[in-house]
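Trainee: Need coordinates for the following:
(chains A and B)
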Amino acid sequence: MKKTLLAVLVALVPLCAETIVIQNATVMTVGSKGTFKGSVVVKDGKIAELGEKVMVPAGATVIDAGGQYLIPGIIDCHSHIAGDGGINEGSVSVSSMVNIKDIINPDDIAIYRALAGGVTTANILHGSANSIGGQTLPLKMRWGKSAEELIFVGATPGIKFALGENPKRAGNPVGGRGAATPVAARYPATRMGVEDVIREAFNDAHTYKAEWDAYDAKVAHGEHPIAPRVDLKLQALKEVLENKRYVHVHCYRADEILMMIRAAEDSGFKVRVFQHVLEGYKVAKEIAAHGAGASTFSDWWAYKIEAIDAIPFNATLMMKKGIVVSLNSDDAELMRHLNTEAGKAIKYGGATETEALAMVTLNPAKQLGIDKTVGSIEVGKDADMVLYDSFPLSDFAKVEKVLIDGTVYFDRDKELVAQTAKEAEKKRLLEKEKAAQQKSTPARRPNQ
Amino acid sequence: MKKLLFSTFLVLSVSAIAEVPSAVAIRNAKIVTVSGPVIAKGTVVLRNGLIEAVGENVTVPADAWVVDGEGITVYPGLIDGLSTVGTGGGAPAAAGGGGRGGRGAATAATAGQAAAAERSWGPEDRPQTTSWVLAADEIVAGDGRVNTVRGAGFTTTVTFPTRGIFGGQGSIIDLVSGEKPAEMILVPEAGQYIALGRAGGGGGGGGGGGGFPSSLMGIISYVRQIYLDADHYQKVKEAYAKDPRGMQRPEYDRALEGVLASKRILLPANRLVEIDRMLRFGAELKQPMILYGARDSYLPEAASLLKKANATVLLSLKWPTPPARQPDGEEPTDTLRALEQRDKAPTAPAVLQKAGVKFALYSDGLDAPRDFQRAVKKALDNGLSREDALRALTLSPAEIYGVADRVGSIEKGKIANLVLTKGDIFEDRTTVVMVFVDGKKYTPAETAAPGGRGGPATDEPGNPGGNR
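Mentor: A predicted model of the protein is given here:
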């Protein structure tokens, strides 16, 4: 028994990147090759070749995907999985000193579930409790690897901002939304206050930056002054000013989106992505002019007052105004079927299949600045791909295999086999424990 | 004076009596020196609180009181590498004030407890920090737990102030029942105790009064900022000391003083991900560190990470236990991972030993001798040799804290901390016959109360006082 389990577990460990050829699939590249029936060759973790006919390298593993669909790995631009000990540092209105990178939990089962839903990359964001939240970063869903190995190498890190109801906490005198325990109320309590907090923070960041710039200049002149104090809070905002850190803004209403654009332009930085942005369709032109992306829900709204005035056409309307639009989950469950979320963009607003699919692949890649390596099936890009048993934008599509960097991290067949073995192992351990307990305490057993 | 002495004796006479002859010779005993080979039949001579001689052919001095060691084994006194024994009451939270849901800080009176007071608005408020506190200054005479753990064979503990995030510095103490706490102090500065599981409003018994930090990432960023500040503070202070003219004086910061005075830090890590995280974090902070907890170190990945990092580990003896049965009698649901963990956790000492990781075992609040013995026995049943178990509770913790030149083994010139047992020290039915601490003899209570079983291990190591 134990041996079988071991064998199964060994089989489950993702195979090292090998040469793989996926044949006879309908390949939806979301890239220059459009959609075609044929093969993809994966070598050294990258996509090496695609076409209707390819040469199968000697020794390659061939996956016959007849009748199946291959798409780029799904990218979720807004997720809160894989974190330890809370995703909100809700005690203060500016918590830019905290970093999701410090609390990555590679053991979170939500990673595996997301993977099984076709997600290969997720942008792990701080929560929305604060006007300026914590530092964030995208992870690849390399289930089984260590925290460090999940990090998307080369991606620009981000920071979370939040506007509206959550950071102002209307009607919540003790505050602490998202905090482990309620804490004393804090400024701000209004939308005006939220704007003020952001502007003030960047005033401080400019002062801090000037201090460091002066120091750096002195050092460049060969002087040896004492370095200024490193302030982790302002350091992150300095990086925003230097374009080294992307700003993701949680927002709903048109007015607050416009406010944010003004505040950002006055303070000398750019919003990279407006998150949720349910009223984005009202101010799409302004968002496009600012150069920000928009990451929204397909058809989820009215869960609070500021989310009332939303429409399912939001994504396609913004897209048509020239905004790079993605659909995100913000939720460990929704994350598992982002493919059908994308499908809704066809129903509401008439996106093409490729445009819809791009909203959960290439567009979030662009928003996160990682589209050079992921987001579409192109020669030279990372071999992050999902194999579905049927048309992927359909409710009935099932994920068969998920590859990240050319390694199979999820395989439906193997998973099903492993489940039986795991159940058996669980039963064995439970019985072993029970036996040990009865041995150590024979006297006191609860009579049935 | 005499009265005080008398009353002290009265308190102690129930379970332990210290007698102080000028010299003691234990002869014809089996002596397990730990540092050298076992002496099948030999003599140990103690004088003035030190080991004067040990060996097979040692002459018993004329003035010595003699203990007939026939059928007795002599071990070095056990060392508990992470404890709160000696601080009184066994409840660190009692000293911390504030406490669970307590908004007012009326109980936080003395300087050492001030951190509990106000809502913190950021790292600059130095939340939940009493880094300047020394356990040595908080040791109280007559802590009942001293008696209890001595009954299990402990003669030395490394006792920490465990409130808040930066609890303060631990001190190495000898478990004598004196009238002056100062007699107990072996080394006042043993390292800074850091806890990471006490977010916000004092939930973990550490006080705190709410506010920043309220999450794990908040706590981590706070600890990081403190070390950045300490580095900056030191540089500014040095510059000022060199030439104060024309320079604004650096503001005194006791939190940073406490951090700078600590020569090592203790960081908590139970799960594999925490071990990985803290190894990286410790390296980033550039501080010599000890990881405590280490529950998942039975995993080969964890052991190899620890080995690769050349880490020092304090491994908790509080093995994970099954969750309590639900009131309706329903079986608690367990994940496969939790089951594996409970099955394998007691193999951790053997795994670390095999991997060559520097480690010591600590009791983690398992005060009652029977509970402690049972826990060590479990490690023995899971592959740890008796010699290695003994070392992990004597010489190894002594080495970890840099005091192997005075405690941890039976050698000439070392402090006279000994345990005399009938039977092997970690056997279920073993009786501890006598304990010598600083050469003073104590007789443990006849039957140590079985005591409550140790509570279930949590993900958060720490709070070894067991008041959770």
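
Trainee: Flag every residue of the stretch 351-468 of chain B that's near chain A.
Mentor: Taking Cβ under 8 Å from any Cβ of the partner chain, no part of the stretch 351-468 of chain B reaches chain A. Heads up, the C-betas are built off the backbone N, CA and C, glycines and all.

Trainee: Which stretches in the stretch 351-468 of chain B count as strands?
Mentor: Assigned by DSSP state E, counting those that start in this stretch, the stretch 351-468 of chain B shows strands spanning B:358-362, B:418-422, B:431-437, B:440-442.

Trainee: cool, the stretch 301-448 of chain A as well?
Mentor: Using DSSP E, counting those that start in this stretch, the strands of the stretch 301-448 of chain A run over A:325-327, A:385-388, A:399-404, A:407-411.

Trainee: Take the ones you listed and write them to JSON lines, including mean pLDDT.
Mentor: Putting the strands of the stretch 301-448 of chain A into JSON lines (pLDDT from 0 to 100) gives the following:
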{"stretch": "strand A:325-327", "mean pLDDT": "98"}
{"stretch": "strand A:385-388", "mean pLDDT": "98"}
{"stretch": "strand A:399-404", "mean pLDDT": "98"}
{"stretch": "strand A:407-411", "mean pLDDT": "98"}
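
Trainee: hang on, the earlier thing: CSV for the strands of the stretch 351-468 of chain B, including mean neighbour count and mean pLDDT?
Mentor: As requested, those are arranged in CSV below (neighbours: other Cβ atoms under 10 Å in any protein chain shown; pLDDT from 0 to 100):
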stretch, mean neighbour count, mean pLDDT
strand B:358-362, 27, 98
strand B:418-422, 21, 97
strand B:431-437, 22, 95
strand B:440-442, 23, 95
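
Trainee: export those strands to TSV and tack on distance to B:Asp276?
Mentor: Listed next are the strands of the stretch 351-468 of chain B as TSV, based on distance: least, Cβ to Cβ, whole Å:
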stretch	distance to B:Asp276
strand B:358-362	17
strand B:418-422	37
strand B:431-437	39
strand B:440-442	43
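
Trainee: Might you list the low-confidence residue ranges for the chain?
Mentor: I went with chain A, as the question did not name one. Applying pLDDT under 70 to chain A flags residues A:1-17, A:170-184, A:441-448.

Trainee: Sorry, I should have been clearer: chain B.
Mentor: For chain B, the stretches flagged by pLDDT under 70 are B:1-20, B:89-117, B:198-210, B:326-327, B:329-332, B:446-468.

Trainee: Can you tell me which residue of it sits closest to chain A?
Mentor: B:Leu216 (2.5 Å; Cβ to the nearest Cβ).

Trainee: Identify the residue spatially nearest to B:Asp381, adjacent ones excluded.
Mentor: B:Pro346 (7.3 Å; Cβ to Cβ, 6 or more residues apart in numbering or on different chains).

Trainee: Pick out the residue of chain A closest to chain B.
Mentor: Closest point on chain A to chain B, by Cβ to the nearest Cβ, is A:Gly85, at 2.5 Å.

Trainee: what about that residue, which helix or strand?
Mentor: Using DSSP states H and E, A:Gly85 sits within no helix or strand.

Trainee: what's the burial count for it?
Mentor: 21 (other Cβ atoms under 10 Å in any protein chain shown).

Trainee: residue contacts, the residue nearest to it when sequence neighbours are not counted?
Mentor: The shortest distance from A:Gly85 to any residue other than its chain neighbours is 2.5 Å, reached at B:Leu216 (Cβ to Cβ, 6+ apart). B:Leu216 is in contact with A:84-86, A:102-103, B:196-197, B:199, counting by Cβ atoms under 8 Å, 6 or more residues apart in numbering or on different chains.

Trainee: which SS state does the spatially most central residue of chain B fall under?
Mentor: Nearest to the mean C-alpha position of chain B, by Cα atoms, centre = their mean, lies B:Leu82 at 1.5 Å. What DSSP: H, G, I helix; E, B strand; the rest coil gives for B:Leu82 is strand.

Trainee: Name the nearest residue to it, sequence neighbours excluded.
Mentor: B:Leu82's closest residue in space is B:Tyr362 (Cβ to Cβ, 6+ apart), at 4.3 Å.

Trainee: try B:Ser396
Mentor: Using Cβ to Cβ, 6+ apart, the closest residue to B:Ser396 is B:Ala360 (4.4 Å).

Trainee: The one you found and B:Gly81 touch, don't they?
Mentor: Yes - because the distance of 4.6 Å satisfies Cβ atoms under 8 Å, B:Ala360 is recorded as touching B:Gly81.

Trainee: where do the contact lists of the two overlap?
Mentor: Common neighbours of B:Ala360 and B:Gly81 (Cβ under 8 Å, 6+ apart) are B:314, B:397, B:400.

Trainee: Let me see the ranges of the helices in chain B.
Mentor: Secondary structure of chain B by DSSP state H: the helices cover B:2-12, B:92-96, B:144-150, B:216-242, B:254-260, B:272-285, B:300-308, B:336-344, B:348-355, B:369-381, B:386-391, B:395-400.

Trainee: quick one, what contacts the residue lying closest to B:Phe154 once chain neighbours are set aside?
Mentor: Sequence neighbours aside, B:Leu78 is the residue nearest to B:Phe154 in space, at 4.6 Å (criterion: Cβ to Cβ, 6+ apart). By Cβ under 8 Å, 6+ apart, B:Leu78 lies in contact with B:152-156, B:393-394, B:419.

Trainee: ok so, going back, ranking the shared contacts of B:Ala360 and B:Gly81 by neighbours, who comes first?
Mentor: Neighbour counts for these were taken using other Cβ under 10 Å; the highest belongs to B:Pro397, with 29 neighbours.
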